[in-house]
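> sequence and predicted structure, then a few things I'm wondering about:
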Number of protein chains: 2
Amino acid sequence: MRIAELSRVCGVPVPTIKYYLRENLLPPGKLTSPNQASYGEAHVRRLRLIRALVDLAQVPVARVKEVLEGLDSDTMSLHDQIGRAHRAITPQRQLTSTTDAQEAAAAQVQALIESRGWSIHPDAPALTTLVETIAALRTLNQDHLAGFLDSYADAVEKFTELEVAAVTSRPDHTTPDQIAESVIIGTILGETLISSLRLLAQESISAKRWSAASTDTPPH
Amino acid sequence: MRIAELSRVCGVPVPTIKYYLRENLLPPGKLTSPNQASYGEAHVRRLRLIRALVDLAQVPVARVKEVLEGLDSDTMSLHDQIGRAHRAITPQRQLTSTTDAQEAAAAQVQALIESRGWSIHPDAPALTTLVETIAALRTLNQDHLAGFLDSYADAVEKFTELEVAAVTSRPDHTTPDQIAESVIIGTILGETLISSLRLLAQESISAKRWSAASTDTPPH
DNA sequence: CGTTTATGGATACTGCTACTATCCATCACA
DNA sequence: TGTGATGGATAGTAGCAGTATCCATAAACG
């Protein structure tokens, strides 16, 4: 398969494919002559994965690259690969100074983690985001939302249960490579999936309660 | 309060504040002289909200502006304001052609919506994302994840229940304006909150199961 | 066999976003 | 009275994600 067909099959412009090749998101095709290469099924899969991460999950190209490097490495543990996936979808945020709102939030998060018996690495990228989000909610006078943290965690544990079930319930002939890819896709695209579902559920509730022309009490 | 103090209180550089003023994200301060304005508590709140949406929730500035316009409008229904919030966090995606994978996904989503009795506007921004995500999961040979859609929806309904409870259980003296702000913040920052929590839960599970140096079967 | 089209590889350019920087006339404050 | 901050305007910047162009060569077609 030459580049034009790869482009057609995946719906990605040729210059974009060349760009991904330059950035080493896609491995080079097998050269048959100095200026002729052939691409295979692996390239199609890889390209589709890239587009899903970039388009759907809004992962920056540089992060996609890191994730793919993880997938291609055969010395990296699945846990470390997941770590890369997490960093890919968690914006790097260097906290300059900690306010007291942030310290309170950090304490709340720590309590949550301990009460649930979670084992979290102190450098986990999501940790900072969570703490800052809770601090922001409090600063914005939305304590009531932050107060539901524990119930949120309940619901969230459902997801991880589901995902573990999804991965472990696959047929036996699944190779570790495929498992790793599954887990990473589940981690990243799962987020998009959950987010969309949540918005739909909200839209439905909102339509039923608040679609009147003002912010009145809803009908019944 | 002059601009320097606003900057200090919120931790936002003065040029950035000027930029937000230019873009009408922040209302102008009250002019006391041709080149002297004073900012109040409302500006502090507004600026903090902007930073939370931009930094934490990664909402593009142009979208933040739309959300704020919704909040400031007193003729817009809460439902429409929520619609703006949804559009703010859902990337605009113009589908060119529909593949058969997408049509299958669309049918699956339609079935889900009907079985749950959700009332969804056909133009809901999350709809396209959901359909394309499911289609992508299938194309990437991850049908098993898409198969859990219904269980995901179960868990997701928990969140919306929580959020409705959080909003409706507020003290009586809450004004419609405050409710609207609460709902919008809950919609947008709630997503960040859930996402971080989910990543933490995943990290915990991942550490327990897969932190070995290879993708072996986990201990026990 | 000659011509048109496609390809790999390199380099340069573009559009967008979210700021930053600079300038200036004015104003507050010591 | 002078030093620094302010509002307003205009211009510049960095990073990201591609696009565009060029070239020498190779494939496909008549």
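Perfect, thanks for sending it.
> who are the contact partners of residue A:174?
Residue A:174 sits next to residue A:182 when contact means CB atoms under 8 Å, 6 or more residues apart in numbering or on different chains. All C-beta spots, glycine's among them, are computed from the backbone N, C-alpha and C.
> if I look at it, how far off is residue B:152?
As judged by CB to CB, to the nearest Å, residue A:174 and residue B:152 stand 22 Å apart.
> lowest confidence element among the helices and strands of chain A?
helix A:143-146 (a mean of 86; mean pLDDT, DSSP states H and E).
> would you map the strands across chain A?
A:30-33, A:36-38 (DSSP state E).
> who does the first one touch, helix- and strand-wise?
I take that to be strand A:30-33. With contacts defined as 3 or more CB pairs under 8 Å, 6 or more residues apart in numbering or on different chains; DSSP states H and E, strand A:30-33 has these neighbours: strand A:36-38.
> wait, what's in contact with residue A:20?
With contact taken as CB under 8 Å, 6+ apart, residue A:20 is in contact with A:26, A:47, A:50.
> quick check: closest non-adjacent residue to the residue most central in space within chain A.
Nearest to the geometric centre of chain A sits residue A:188, at 2.7 Å (CA atoms, centre = their mean). Once flanking residues are discounted, residue A:188 sits nearest to residue A:57: 4.9 Å by CB to CB, 6 or more residues apart in numbering or on different chains.
> returning to that earlier point: and the residue nearest to the centre of chain A, how far from DNA strand D?
Residue A:188 sits 14 Å away from DNA strand D, taking CB to the nearest atom of the strand, to the nearest Å as the criterion.
> and the helix of greatest length in chain A, how far from the chain's centre?
When chain A is parsed with DSSP state H, its longest helix is helix A:176-210. Taking CA atoms, centre = their mean, to the nearest Å, one finds the center of helix A:176-210 at 10 Å from the center of the full chain.
> any idea of the angle it forms with helix B:176-210?
160 degrees (axes from the mean of the first three to the mean of the last three CA atoms, to 10 degrees).
> tell me the mean pLDDT for helix A:176-210?
Rounded to a whole number, the mean pLDDT of helix A:176-210 is 94.
> tell me which residues of that helix come out buried.
Buried residues in helix A:176-210, counted by 16 or more other CB atoms under 10 Å in any protein chain shown: A:179-207, A:209-210.
> stretch A:51-66 now?
Quick answer for stretch A:51-66 (16+ other CB under 10 Å): A:51, A:52, A:53, A:54, A:55, A:56, A:57, A:59, A:63, A:64, A:65.
> just the residues you listed now: which is nearest chain B?
residue A:52 (4.3 Å; CB to the nearest CB).
> show me the contacts for the closest residue to residue A:144 other than its chain neighbours.
Once flanking residues are discounted, residue A:144 sits nearest to residue B:166: 5.1 Å by CB to CB, 6+ apart. Residues near residue B:166 by CB under 8 Å, 6+ apart: A:144, A:145, A:147, A:148, B:182, B:186.
> how close does the third one sit to residue B:53?
What it means is residue A:147. In this view, residue A:147 and residue B:53 are 21 Å apart by CB to CB.
> would you mind listing what in chain A touches DNA strand D?
A:13, A:15-16, A:18-19, A:32-36, A:54, A:60-62 (CB under 7 Å from any atom of the strand).
> right, so the strands of chain A: which one is the most enclosed?
The highest mean neighbour count among these, using mean count of other CB atoms under 10 Å in any protein chain shown, belongs to strand A:36-38: a mean of 14.
> contacts for it, please.
Outside strand A:36-38, the residues that touch it by CB under 8 Å, 6+ apart are A:1, A:2, A:3, A:28, A:29, A:30, A:31, A:32.
> and which of the residues you listed is nearest DNA strand D?
Nearest to DNA strand D among the contacts of strand A:36-38, counting by CB to the nearest atom of the strand, is residue A:32 at 5.7 Å.
> quick one: name the residues of chain A near DNA strand C.
Counting by CB under 7 Å from any atom of the strand, chain A sits next to DNA strand C at A:2-5, A:14, A:18, A:21-22, A:28-29, A:31, A:35-39.
> which of those count as buried?
Going by neighbour count (16+ other CB under 10 Å), these have A:3, A:21, A:29, A:37, A:39 buried.
> excluding chain neighbours, what is closest to the third one?
Spatial nearest neighbour of residue A:29, chain neighbours left out: residue A:37 (3.2 Å); criterion: CB to CB, 6+ apart.
> list the contacts of the residue lying closest to residue A:136 once chain neighbours are set aside.
Closest residue in space to residue A:136, ignoring its immediate chain neighbours: residue B:52 at 4.3 Å, by CB to CB, 6+ apart. Residue B:52 is in contact with A:133, A:136, A:140, B:185, B:189, counting by CB under 8 Å, 6+ apart.
> let's see 7 Å
Contacts here follow CB atoms under 7 Å, 6 or more residues apart in numbering or on different chains; on that basis residue B:52 touches A:136, A:140, B:189.
> quick one: the helices in chain A?
A:3-10, A:14-22, A:41-51, A:61-72, A:78-89, A:100-116, A:125-139, A:143-146, A:149-168, A:176-210.
> worst mean pLDDT among those?
The weakest mean pLDDT among those belongs to helix A:143-146, with a mean of 86.
> so what touches that helix?
With contacts defined as CB under 7 Å, 6+ apart, helix A:143-146 is touched by A:134, A:137, A:138, B:166, B:170, B:186, B:190.
> pull the most distant pair out of the residues you listed.
A:134 and B:170 (18.2 Å; CB to CB).
> thank you kindly, that will do.
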